[in-house]
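J.: I would like the atomic coordinates for the input below:
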Amino acid sequence: MNFCRGLVLAACVLLASCQNNSALIFPPGAQVLHLASQDDVPTLDPAAGYDTASWSFEQALFDTLVRYADGSIALEPDLALSWESSPDATHFTFHLRHDARFSNGRAVTSADLKYSLQRVLTPATRSKGIEYYRNILGAEDYIAGRAGDVRGIATPDPYTISFTLSAPDPIFIHKLCMPFAAAVPREAVQRWGDDFSSHPVGSGAFELRQWRRGQYLVLVRNPYYFARGQPRLDAIVERVGVNEELEWLQYRAGEVDVAGIPSADFPAVIKDLRLAPLIHKIVSAATDYLGFNCQMAPFSDVRVRRAFNYAIDKHKLLALLNGRGVIAHDVLPPGLPGYDPELSGYPYDPARARGLLAAAGVKAGFAPELWMQADQTMLLLGESIQQDLALVGIDVRLKPVAWGPLLEAVRQPNSVPLSLLGWEADFPDPENFLNVLFSKAQWGSNNDTFYYNPKVESLLAQAAPLANPRRRLALYEQAEKLIVADAPWVFLYHPVTYVIVQPWVHGWVLNPMRPTRFEKVWLSPH
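T.: The predicted structure follows:
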């Protein structure tokens, strides 16, 4: 495989500059996992992070009451060794392990967990996790400043914590798996304030040694971690500012231990039988979509939205992605409870699209803006969509912008007519897609299409509190069929994640719900 000599020089310069820093120097034989990324980690504060890059490292630094088992959506103990819930899903009690310690050596207690959740529920924290815990009894009074304590969180002793909810929530335990609910020590948060992200203290398998923003991040083993024999790694080093091609170059040179596979190299790599044992893949619990602002004409007309669905060739999109996806026919991804393989969605049918556009009075030359993240892959997909829509008389203008401004823009009413986005499950339940993305209560937050259907709203409200899984999923199935018929999205594809590890990397397990955990990863001599 040929590589650009300029990239080789850049890699050597970066490596040399990093090796001059003592934070990156380890004793001979140390197990150090080397990673690389284009973008820096946004935050290491679990109350603030709401992206896979942040969560990848937050779950290394912090623990929650329960977590997902490796490679599955099954719950397993973390800070809690056992738990029980009431039949009506309004009361949950957790019994904590006695051997958990923060990286400062102090024992983790139930008071720490209560403090951490109340911190998320404090408006001044500006946590996006606040929505997930509003149904704890007394949370609304606490948020509004009418109470100094959330009365629905009880800590009868240092190793027991219970939650009483104001309404049934059968997936509340899954919400406690999110890093928002991780234990943090009050004294560290109060010492560092808004700068806690740069000085995180948690009870996870690792602690932060150094974070030089825009350059690298170094985690080292937490000597107080409760799991015997874990972590097996001594340190994790992620270098920042490394694009996809340079990451692949460093992987081939043995300088990066785990990497993505660039699109240009993917066909050859996937066919190489020598590399097959090193490749990991999984269908993500995610859906990528083209979203319409349903309150902006002409996308307020369902015929226009359906026309766009028929006009876009999803098979072509997957070809551009080298097959790294599964065509989406509906909202929910495969593997999520409630996924309906019988929903057929919208097949590619440009003639039907032209008929619907004509019936809606949309004339040739209509030129809406399509907003998307400013990266090479999204631009490639945007150009393909642009070509498809040109065939039905729509002259789409592409507007690539940075990720942060894009998220901010789509939340503003009457601002973004079309957007190319995706949603990955926070927990394995239809609520996390259907309620979060299509409820009117989420306008200005996660419902970036400003979609509203009172029938859907009623079904979502009925389903959310039901503890009976059969009745719950039946209602969500009805809601999803209505949403697909209303077409607030063009349902594009469910991404398939591929990574390649070095032959000396062991214990790397992909999970459909979360980034890979590092505790059990280990390196053989090389």
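
J.: check contacts around Val189.
T.: For Val189, the contact set (CB atoms under 8 Å, 6 or more residues apart in numbering) comprises 119, 196. Every residue, glycine included, has its C-beta placed from N, CA and C.

J.: mind telling me what element it is part of?
T.: Here Val189, judged by DSSP states H and E, is contained in helix 186-192.

J.: I'd like the next helix or strand past that helix.
T.: strand 206-212.

J.: the closest residue to Asp340 other than its chain neighbours: helix or strand, and which one exactly?
T.: Distances taken as CB to CB, 6 or more residues apart in numbering place Glu477 nearest to Asp340, at 6.0 Å, with adjacent residues excluded. Using DSSP H and E, Glu477 maps to helix 469-486.

J.: the next helix or strand after that helix - contacts with which helices or strands?
T.: Using DSSP H and E, the next helix or strand after helix 469-486 towards the C-terminus is strand 489-501. Applying 3 or more CB pairs under 8 Å, 6 or more residues apart in numbering; DSSP states H and E, one finds that strand 489-501 contacts strand 258-259, helix 266-271, strand 279-283, strand 286-292, helix 302-311, helix 314-320, strand 325-327.

J.: for strand 489-501, output the C-alpha coordinates as CSV.
T.: Extracted in CSV, the C-alpha atoms of strand 489-501 (Å, rounded to 0.1, in the frame of the first residue of the first chain):
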residue,chain,number,x,y,z
TRP,A,489,-36.9,11.9,8.2
VAL,A,490,-35.5,10.3,5.1
PHE,A,491,-34.6,7.0,6.8
LEU,A,492,-31.1,6.4,5.4
TYR,A,493,-29.1,3.7,7.1
HIS,A,494,-27.9,2.1,10.3
PRO,A,495,-24.1,2.4,10.5
VAL,A,496,-21.9,-0.6,10.8
THR,A,497,-18.8,0.1,12.9
TYR,A,498,-15.5,-1.4,11.7
VAL,A,499,-12.2,-1.2,13.6
ILE,A,500,-8.9,-3.0,13.2
VAL,A,501,-6.6,-3.9,16.1
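
J.: how about TSV for the helices and strands packed on strand 489-501, with distance to Trp55 and mean pLDDT added?
T.: Output for those, formatted as TSV (distance: least, CB to CB, whole Å; pLDDT from 0 to 100):
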stretch	distance to Trp55	mean pLDDT
strand 258-259	16	98
helix 266-271	25	93
strand 279-283	16	95
strand 286-292	14	97
helix 302-311	31	98
helix 314-320	27	95
strand 325-327	22	95
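
J.: of all the ones you listed, which one is nearest Leu482?
T.: Checking the helices and strands packed on strand 489-501 against Leu482 by CB to CB gives helix 302-311 as the closest, at 11.3 Å.

J.: check what pLDDT the closest residue in space to Asn104 that isn't next to it in sequence gets.
T.: In space, and not counting its chain neighbours, Asn104 is closest to Val201: 5.5 Å by CB to CB, 6+ apart. In this model, Val201 is scored at 98, pLDDT.

J.: just Cys18 next, same as before
T.: Listed pLDDT for Cys18 reads 49.

J.: may I see the buried residues of the strand or helix carrying Tyr251?
T.: If you go by DSSP H and E, Tyr251 is part of helix 244-252. Residues 244, 246-251 are the ones in helix 244-252 that count as buried (16 or more other CB atoms under 10 Å).

J.: any chance of the residues you listed in TSV, with pLDDT too?
T.: Listed next are the buried residues of helix 244-252 as TSV, based on pLDDT from 0 to 100:
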residue	pLDDT
Glu244	88
Leu246	94
Glu247	96
Trp248	95
Leu249	96
Gln250	97
Tyr251	97
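
J.: helix, strand, or coil at the nearest residue to Ile73 once chain neighbours are set aside?
T.: Residue nearest to Ile73 in three dimensions, not counting chain neighbours: Pro428, with 4.2 Å by CB to CB, 6+ apart. Classification of Pro428 by DSSP: H, G, I helix; E, B strand; the rest coil places it in coil.

J.: Pro428 reaches Gly338, doesn't it?
T.: No - contact status for Pro428 versus Gly338: not in contact, 9.4 Å apart, counting by CB atoms under 8 Å.

J.: among the helices and strands packed on strand 489-501, which is nearest Gly422?
T.: Nearest of these to Gly422, taken as CB to CB: strand 286-292 at 3.9 Å.

J.: by contact count, what packs against the closest one?
T.: Packing contacts for strand 286-292, counted by 3+ CB pairs under 8 Å, 6+ apart, involve helix 302-311, strand 418-424, strand 489-501.

J.: so which of those is the most packed in?
T.: helix 302-311 (a mean of 23; mean count of other CB atoms under 10 Å).
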